[in-house]
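S.K.: What would the 3D arrangement of this be:
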Amino acid sequence: MPRLFTALEIPREIAGPLAMLRGGIPGARWIDPEFYHVTLRFIGDVDYAVARDVAAALDEVERFGFEIGIDGVDQFGNHKPRAIFAAVKPNSALIELQAEQERLMKRVGLPPEGRNYKPHITLARLRNTPPRQVADYLSLRGYFRSPNFEVPRFVLFSSRDSVGGGPYTLEASYPLM
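M.R.: As a prediction, the model looks like this:
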């Protein structure tokens, strides 16, 4: 049973500088740069028939390519930090692509995503990390910005059952016009 999600890939020229942000938080599990991505829609564990339906539905997407950029580094979890992430500047093309995928997944029969969409690139997963250490890290690295970069396609990834962070297998790619 595959665990699927759709995503935007991060080019090497952006992943390299992001990788330089690694370190400085004891106990953090840093994501390997080759696995950096912006999740569009987490699909989850599905049987192979649903996986085929998902792939076919995604083939219907006809959108133009667009640009995105990184606008800071932050954390999820507030008083109990769970992850460090690079925030992606949302724009209408990104939000519309994500919303279309949400509609397509509902049509396939999947339940709606329960959380509001916040485009980001997970850099590290945290477990029992003191909030003060995260605050110190963010005070030094939180202002990271990247130039905008082109998004020529989105992809369907599968992953093994784990705590996240890869490895991911590219199942299909969908070019944007």
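S.K.: wait, what's in contact with the nearest residue to Arg22 once chain neighbours are set aside?
M.R.: Take Arg22 and drop its neighbours on the chain: the residue closest to it by C-beta to C-beta, 6 or more residues apart in numbering is Trp30, 4.6 Å away. For glycine as for every other residue, the C-beta is placed from the backbone atoms N, C-alpha and C. Listed by C-beta atoms under 8 Å, 6 or more residues apart in numbering, the contact set of Trp30 reads Arg22, Gly23, Leu123, Ala124.
S.K.: Apply 7 Å and report the result again.
M.R.: Arg22, Leu123, Ala124 (C-beta atoms under 7 Å, 6 or more residues apart in numbering).
S.K.: Burial check on the nearest residue to Lys80 once chain neighbours are set aside, number of neighbours?
M.R.: In space, and not counting its chain neighbours, Lys80 is closest to Pro131: 7.5 Å by C-beta to C-beta, 6+ apart. In terms of burial, Pro131 registers 14 neighbours under the definition other C-beta atoms under 10 Å.
S.K.: With Gly77 instead?
M.R.: Gly77: 13 neighbours (other C-beta under 10 Å).
S.K.: re the thing from before, ok, of the contacts of Trp30, which one's closest to Val54?
M.R.: When those are compared for distance to Val54 (C-beta to C-beta), Leu123 comes out closest, at 27.2 Å.
S.K.: does the closest one count as helix, strand or coil?
M.R.: Reducing the assignment at Leu123 to three states with DSSP: H, G, I helix; E, B strand; the rest coil gives strand.
S.K.: likewise Asp53?
M.R.: Three-state call for Asp53 (three-state DSSP): helix.
S.K.: For the chain, which segments count as helices?
M.R.: Secondary structure of the chain (DSSP state H): helices located at 12-19, 48-58, 92-108, 131-141.
S.K.: Nearest to Ser159, out of those helices?
M.R.: helix 48-58 (12.8 Å).
S.K.: Give me the buried positions along that closest one.
M.R.: Taking 16 or more other C-beta atoms under 10 Å as the neighbour-count basis, helix 48-58 is seen to contain the buried residues Val50, Ala51, Asp53, Val54, Ala57, Leu58.
S.K.: OK, contacts around the third one?
M.R.: Spelled out, it's Asp53. Residues Val108 are the ones in contact with Asp53 under the rule C-beta under 7 Å, 6+ apart.
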